[in-house]
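Provide a 3D model corresponding to the input given below.
(one chain, ligands or ions: 1)
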Amino acid sequence: MPPKNQLKISHRSNPVSQAVSRLYPEHAYQKTVTQPGCPNIAHFHGFIDAVNQASVQTYLDQKYPGQISVTNLTYANGDTLIHYHPNLETSEKPATPKKNFSLTLTDFQQHLQSLSASPTKKDLKTLTGLIPQLLAKDRAAAGELINQLKTKLIASTPQSSTINHQPSAWLDLTAPGDKPPIGHLHPITQAIFKIQKIFESIGFTRVRYPEVDWDYYVFESLNMPPDHPARDEWETFFIDTPNHPQYGQMVLTTHTSNGQVREMERVKQPPIRMLNIAKCYRRQEDVTHTAMFHQFEGLVIDNGIGIVHLKGTLDYFAKAFYGPQAQSRIRPFMFRFTEPSFEVDFSCVYCQGQGCRFCKSGWHEVGGAGMVHPNVLKAGGIDPHRYTGFAFGWGIERVYTLQPGLELDDIRPFYQNSLHFLDQF
Ligand code: DAH
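Got it, this is the predicted structure:
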């Protein structure tokens with residue numbers, strides 16, 4: 001027997017019992033005990049866990065929004081006691097306001113006349129609120145007056161659109177729905193796919209190599225021994241990890257050329273036609289540089305490969321990417337991993353090589369290229385007396401922003417996550 005100051009609540013009137021019997025009928029309800037000032041405790045046979053508790057709470061929230069919260073579960077003799085509050089049965093019902101029929105129809109009409117010439121929605125609400133104070137016999141007449149006012153109000157409200165808000169008798173269920181807004185790939189990802197497609201169409205295979213790599217692949221195997229001054233050109237981020245006994249320090253890849261010797265090691269026997277597209281990192285940031293950027297690296301090794309093959313590939317890419325009028329040009333340069341080496345330019349898309357405000361000289365420099373240095377072939381286990389090859393590497397952001405119509409003079413917004421900027425591509 002519960003102590004005297006405890007009340008027992010019946011199964012039907014208990015909201016928690018309703019919820020449990022609906023959700024978990026296997027747990028028979030026993031009783032609910034309430035004590036003034038304490039959470040109620042509903043007693044069920046069997047084990048109810050926290051997950052079940054959450055479902056019960058969801059059920060209660062739907063049926064009695066914001067009114068009951070299950071606070072705790074306790075267990076006794078294999079049964080579950082669900083603690084909850086407040087108790088609907090014992091909570092005080094809001095007092096029903098006393099009826100007061102103090103308003104006559106004449107009072108109501110006077111009130112209506114006192115409104116300004118152009119009544120508002122608020123006036124309508126106030127008048128509607130007065131109806132309960134009228135005697136039943138006057139209410140229909142007052143309702144009629146309110147309706148007239150409503151019609152007047154609608155007629156005087158300017159329509160903000162031409163849409164007809166009246167429910168239509170005819171509904172076309174086959175009409176296409178509103179299209180949800182859909183995003184698109186990041187412009188640099190779009191450029192990567194476009195570049196990949198162009199090179200795949202002439203037999204290149206896209207590969208990916210580490211973007212955090214050993215010094216050996218990034219520099220040393222590319223004919224840049226430790227402490228060689230040529231390394232200074234790549235403003236390198238070094239990783240603070242122990243050195244590899246053979247491959248040296250770990251760095252963030254400064255260029256995609258780290259893929260060259262890795263690809264030779266993977267394929268072993270030419271022919272090789274590699275396209276390595278990856279993120280690169282350098283310690284520099286200004287309108288044309290971001291510390292993280294992308295490059296694509298081509299490497300072709302086979303019997304009898306010469307500069308003509310390189311030049312043909314550059315021209316093919318220029319036309320495929322920028323259009324049939326585009327041309328490429330190579331100028332002598334110096335890279336440790338190619339001999340001879342070149343800088344590669346593409347003709348300006350605006351003036352076609354004539355010289356304009358955008359390009360100044362008629363050409364834009366895009367990257368480097370050259371014939372693979374014999375030392376690099378040797379590092380990759382390939383006999384330089386038997387095979388030759390060419391390589392090139394350019395920045396994707398650079399190649400992308402030279403497209404006609406873009407006229408972007410700052411590449412940093414590509415990586416600032418502003419949809420205002422990115423949505424334009
Ligand atoms: N890796 C060079 C850079 O980042 C670009 C480059 C030059 C790549 C010559 C090559 C090459 O493959 O042959 O500046």
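
ranges for the helices of the chain?
15-23, 50-63, 105-113, 121-130, 136-156, 187-200, 215-218, 258-267, 307-322, 374-379, 396-401, 419-422 (DSSP state H).

tell me which of the ones you listed lies nearest to the ligand.
helix 258-267 (6.8 Å; Cβ to the nearest ligand atom). No exception for glycine: its C-beta is placed from N, CA and C like everyone else's.

quick one: that closest one to chain centroid distance?
Distance of helix 258-267 from its chain centroid, counting by Cα atoms, centre = their mean, to the nearest Å, is 34 Å.

same deal with stretch 326-334?
39 Å.

tell me the residues of the chain that contact the ligand?
255, 257, 297, 335, 338, 341, 367-370, 391-393 (Cβ under 6 Å from any ligand atom).

pick the one among those closest to Leu310.
The closest of the residues of the chain next to the ligand to Leu310 turns out to be Ala369 (Cβ to Cβ; 6.0 Å).

what's the neighbour count on the closest one?
26 (other Cβ atoms under 10 Å).

and stretch 360-380, how far from the chain's centre?
37 Å.

contact partners for Phe337?
Leu222, Asn223, Met224, Ser257, Gln260, Gly370, Val372, His373, Val376, Ala391 (Cβ atoms under 8 Å, 6 or more residues apart in numbering).

and the first one, what pLDDT?
What that stands for is Leu222. Per-residue pLDDT puts Leu222 at 98.

so it sits against Arg262, correct?
No - using Cβ atoms under 8 Å as the test, Leu222 is too far from Arg262 to be in contact (11.1 Å).

so between the two, which is more surrounded?
Leu222 (25 against 18).

burial count for His385?
7.

for Asn303, see how far away it is.
11 Å (Cβ to Cβ, to the nearest Å).

how close does Ser102 get to the ligand?
90 Å (Cβ to the nearest ligand atom, to the nearest Å).

now do the contacts for that residue.
Gln133.

tell me the mean pLDDT over stretch 103-114?
pLDDT averaged over stretch 103-114 gives 84.

what does stretch 311-323 give?
96.

only the buried residues of it, if you could.
Lys311, Thr313, Leu314, Phe317, Ala318, Lys319, Ala320, Phe321, Tyr322 (16 or more other Cβ atoms under 10 Å).

would TSV of the residues you listed with distance to Val16 be doable?
Output for the buried residues of stretch 311-323, formatted as TSV (distance: Cβ to Cβ, whole Å):
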residue	distance to Val16
Lys311	82
Thr313	75
Leu314	76
Phe317	71
Ala318	74
Lys319	75
Ala320	70
Phe321	68
Tyr322	71
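
so which of those residues comes closest to Gly66?
Taking the buried residues of stretch 311-323 together and measuring to Gly66 by Cβ to Cβ, the closest member is Phe321, at 60.8 Å.

looking at the contacts of Phe337, which are in strands?
Gly370, Val372, Ala391 (DSSP state E).

find the closest residue to the ligand in the stretch 201-350 of the chain.
For the stretch 201-350 of the chain, Cβ to the nearest ligand atom, closest residue to the ligand: His255, 3.3 Å.

that residue reaches Cys280, doesn't it?
Yes - contact status for His255 versus Cys280: in contact at 5.6 Å, counting by Cβ under 8 Å.

what touches both of those two?
Common neighbours of His255 and Cys280 (Cβ under 8 Å, 6+ apart) are Gln295.

can you give me the neighbour number for Met334?
14.

ok so, going back, can you add distance to Ala169 and give the helices of the chain back as CSV?
Putting the helices of the chain into CSV (distance: least, Cβ to Cβ, whole Å) gives the following:
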stretch, distance to Ala169
helix 15-23, 39
helix 50-63, 34
helix 105-113, 34
helix 121-130, 28
helix 136-156, 20
helix 187-200, 47
helix 215-218, 73
helix 258-267, 67
helix 307-322, 56
helix 374-379, 78
helix 396-401, 54
helix 419-422, 41
